[in-house]
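> Quick one, fold the following:
(one chain, ligands or ions: 1)
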Amino acid sequence: MNTSAITHGSVSEALDIEVNTDIISGLHEFFTVRYSNEPAENIIHLLTNVSTPSLLSEQIFESWQGTTKITSNPDGWQLFQNDQYLLASVPQTLIANLSMDQASEKAYSAIFELMQAYDYPFLIRTWNFFSRITSGGYAGSNNYQLFCSGRSRAYQQQSLAPQAYPAATVIGTQQGEMQIFFIAAKQAGIGIENSLQVSAFDYPSIYSQDPPLFSRALLHRNQSQEILFVSGTASITGHDTQYAGDINRQTEICLSNIEQLISTAVHEHDMTSINLQEFSQFKVYIKNPKDIETVRTHIQQLLGPSAPVYYLHGDMCRSDLSVEIEALAIIPVI
Ligand code: 3EB
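So this is what the prediction gives:
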């Protein structure tokens with residue numbers, strides 16, 4: 001059995017049964033990310049619970065599967081490893097009671113230390129959630145801008161080999177503590193930028209004092225898969241927000257930005273040709289719950305009615321953005 005692949009799926013409450021079955025047969029281990037504001041009780045292998053609840057009646061669980069066990073280490077990390085990937089969530093205790101920039105600096109420094117200790121030197125995907133994203137803060141910076149400063153300081157201090165920045169999602173929640181989880185890898189990925197957008201790490205300082213350190217997408221290959229992690233993608237061209245207040249036009253720009261990333265990955269980095277319809281998952285974060293039906297109708301027209309799209313309530317890092325879309329493609333390679 002190939003032990004470097006990961007599979008990813010969205011599962012229902014039936015997860016418990018599936019997990020048990022697979023553990024008994026010894027084939028797979030899971031970790032689960034749950035998207036909900038409800039208390040998380042009796043959920044097996046819950047890596048983390050994120051306070052960006054579903055905007056539809058369905059519950060959203062995301063499961064990552066591999067062939068090795070989930071372990072916990074003395075510092076309180078829940079770890080999921082296989083021959084290629086390390087998935088983990090930053091322990092809450094590590095960052096409790098810190099200011100936003102200190103919390104993100106501490107979280108990212110701890111991530112880099114963990115990656116070194118376990119020998120997965122390449123950070124390829126991060127998810128970051130915290131409340132009051134465009135407010136809070138101090139010294140003229142909001143929480144998102146402070147988050148960027150802390151992340152940037154952690155990068156300046158780390159000693160891992162130079163690498164592409166990870167694909168990333170940063171989304172605001174209505175409640176709850178900061179949540180950061182990530183995937184690191186044994187082998188480097190390829191950072192993909194969007195020629196229609198200024199790279200975030202080159203943004204002018206009007207958006208944040210220290211730049212947002214992420215790649216627009218990251219292409220990662222293992223023995224049996226090509227994986228394209230598409231970062232949270234917004235209605236931005238150049239570095240300017242487009243169509244403030246127009247949710248349909250914003251949704252279109254998000255998807256055309258994602259198409260541009262696919263095109264770059266295929267034409268410049270030799271990725272297997274793929275279209276949006278073949279993606280494994282989209283997560284659509286919507287700032288205002290009243291926009292759900294408008295966005296859903298529009299996305300269904302653009303991607304088809306059966307596309308694996310999940311609609312979540314989440315806030316964006318600029319107050320003129322109303323929607324943001326992240327995406328994941330996992331392509332088996334023969
Ligand atoms: C943007 O394009 C929208 O700071 O890591 C999207 C994804 C955004 C990740 C980050 C920010 C980040 O600038 C915001």
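
> Could you use CA atoms for every contact and neighbour count after this?
Fine.

> near the ligand, which residues of this structure?
Counting by C-alpha under 6 Å from any ligand atom, the residues of the chain close to the ligand are Ala168, Thr169, Val170, Ala200, Pro212, Phe214, Ser231, Gly232, Thr233, Ala234, Cys317.

> just checking, which of the residues you listed belong to strands?
Among the residues of the chain next to the ligand, DSSP state E puts Ala168, Thr169, Val170, Ser231, Gly232, Thr233 in strands.

> what's the burial count for Gly245?
11 (other C-alpha atoms under 10 Å).

> So what's the predicted local confidence for it?
Looking at Gly245, its pLDDT reads 96.

> separation between it and Leu302?
20 Å (C-alpha to C-alpha, to the nearest Å).

> Could you find the closest non-adjacent residue to the residue of the stretch 1-150 of the chain found nearest the ligand?
Nearest residue of the stretch 1-150 of the chain to the ligand, counting by C-alpha to the nearest ligand atom: Cys148, 6.3 Å away. Among residues not flanking Cys148 along the chain, Pro212 sits closest, at 5.4 Å (C-alpha to C-alpha, 6 or more residues apart in numbering).

> show me what contacts the one you found?
Cys148, Ser152, Ala200, Phe201, Tyr203 (C-alpha atoms under 8 Å, 6 or more residues apart in numbering).

> out of the residues you listed, what pair is the most spread apart?
The distance between the two most remote of those (C-alpha to C-alpha) is 13.4 Å, for Ser152 and Tyr203.

> residues shared between the contacts of the two?
Shared contacts of Ser152 and Tyr203, counting by C-alpha under 8 Å, 6+ apart, come down to Pro211, Pro212.

> for the stretch 51-200 of the chain, what are the low-confidence residue spans?
Low-confidence segments of the stretch 51-200 of the chain (pLDDT under 70): 65-70.

> Kindly recompute the last result at 80.
Applying pLDDT under 80 to the stretch 51-200 of the chain picks out residues 57-59, 63-72, 82, 160-162.

> Would you map the strands across it?
60-66, 70-72, 78-81, 85-89, 122-131, 167-173, 179-185, 190-192 (DSSP state E, counting those that start in this stretch).

> Same question for the stretch 201-334 of the chain.
217-221, 225-233, 236-237, 240-241, 281-286, 309-313, 323-332.

> Could I get these in a markdown table, plus columns for mean neighbour count and mean pLDDT?
Listed next are the strands of the stretch 201-334 of the chain as a markdown table, based on neighbours: other C-alpha atoms under 10 Å; pLDDT from 0 to 100:
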| stretch | mean neighbour count | mean pLDDT |
| --- | --- | --- |
| strand 217-221 | 24 | 96 |
| strand 225-233 | 23 | 95 |
| strand 236-237 | 17 | 98 |
| strand 240-241 | 14 | 98 |
| strand 281-286 | 23 | 96 |
| strand 309-313 | 22 | 95 |
| strand 323-332 | 22 | 93 |
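
> Out of the ones you listed, flag the one nearest Ala107.
strand 225-233 (19.3 Å).

> Output the contacting helices and strands for the closest one.
strand 167-173, strand 217-221, helix 247-269, strand 323-332 (3 or more C-alpha pairs under 8 Å, 6 or more residues apart in numbering; DSSP states H and E).

> ok and that strand relative to strand 281-286, angle-wise?
10 degrees (axes from the mean of the first three to the mean of the last three C-alpha atoms, to 10 degrees).

> Parallel or antiparallel, which strands does strand 225-233 pair with?
With DSSP bridges as the test, strand 225-233 is paired with strand 217-221 (antiparallel), strand 323-332 (antiparallel).

> and the residue nearest to the spatial centre of the chain, how far is that from Ala167?
Centroid-nearest residue in the chain: Trp127, 3.7 Å away (criterion: C-alpha atoms, centre = their mean). Using C-alpha to C-alpha, Trp127 is found at 9 Å from Ala167.

> Show me the contacts of Pro212 that map onto helices.
In this view, the contacts of Pro212 that belong to helices under DSSP state H are Cys148, Ser152.

> what bridges to Gln179?
Beta-bridge partners, per DSSP bridges, of Gln179: Phe129.
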